[in-house]
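Peer 1: Sharing a model that was predicted from the sequence below.
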Amino acid sequence: MFQITVQYFPVNFDVAFLRIKQQYIHFTHYKIAFYIHVTFSIFSLFAGFTQFSRFIRTKYSQVHKIVGWTYIVSILLLAAPSGLVIGYYANGGFWSQLAFCLLAVGWFLFTLKAFVALKQNDYQKHQIFMIRSFALTLSAITLRFWKYIIVLAFQPRPMDVYQIVAWLGWVLNLIIAEIIILKYIKK
């Protein structure tokens, strides 16, 4: 994911994914949203991996708090809102746009609910909503994984793949998150 992100820096509007977004690249709000999204989403991904470590939570609780706070703020103020903007311009038409916009809204809401639960000292609820939030954060990885598998197995048209992975990249993650919550958290 880091390699995917760094190819956009220094700022270059004619590289990788942006090559197929040339019809939108003249919109200043799209360019700003795109760069905010790729920058803070990758940070959220890396930060999120540390938050589920019992070792870090117990031995380095201050690190857990600082990284967790940064994860929450980066998603609520930057990554999710910018994801909503670029989701509106998603490839694959209405169904892909709907999938990515719902992903952005869900990511924002789950993260916000995790934050509110933390402020209310409801740590179980905080954990549940962070699992959901991180499941959506992981969509950056699973979307690319499913794209690779589907193309390798079926060789469909590019926009058909995009419409499938727009949903599969996060809905399956959320189902797995709910299974984890039911099996390990809600007892």
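Peer 2: Nice, I can see it.

Peer 1: and the closest residue in space to Phe100 that isn't next to it in sequence, what element?
Peer 2: Nearest in space to Phe100, with sequence neighbours left out and distances taken as CB to CB, 6 or more residues apart in numbering, is Gly87 at 3.2 Å. To be clear about C-beta, it is placed using only N, CA and C from the backbone, and glycine gets the same treatment. Per DSSP states H and E, Gly87 falls inside helix 80-88.

Peer 1: helices or strands up against that helix?
Peer 2: Applying 3 or more CB pairs under 8 Å, 6 or more residues apart in numbering; DSSP states H and E, we find helix 80-88 packed against helix 28-51, helix 94-119.

Peer 1: For it, C-alpha coordinates in CSV please.
Peer 2: Taking Å, rounded to 0.1, in the frame of the first residue of the first chain, the C-alpha atoms of helix 80-88 are listed here in CSV:
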residue,chain,number,x,y,z
ALA,A,80,-13.5,9.7,5.3
PRO,A,81,-14.7,13.1,4.1
SER,A,82,-12.2,13.0,1.2
GLY,A,83,-13.2,9.5,0.4
LEU,A,84,-16.8,10.6,0.1
VAL,A,85,-15.8,13.2,-2.4
ILE,A,86,-13.8,10.8,-4.6
GLY,A,87,-16.4,8.1,-4.1
TYR,A,88,-18.9,10.4,-5.9
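
Peer 1: quick one: the residue lying closest to Lys113 once chain neighbours are set aside from Ser44, how far?
Peer 2: Excluding its sequence neighbours, the residue lying closest to Lys113 (CB to CB, 6+ apart) is Phe129, at 4.4 Å. Per CB to CB, to the nearest Å, Phe129 is found 15 Å from Ser44.

Peer 1: Neighbour count for the two, which is higher?
Peer 2: Between Phe129 and Ser44, counting by other CB atoms under 10 Å, Ser44 is the more crowded of the two (26 against 23).

Peer 1: Would you mind measuring from that one to Phe13?
Peer 2: Distance from Ser44 to Phe13, by CB to CB: 23 Å.
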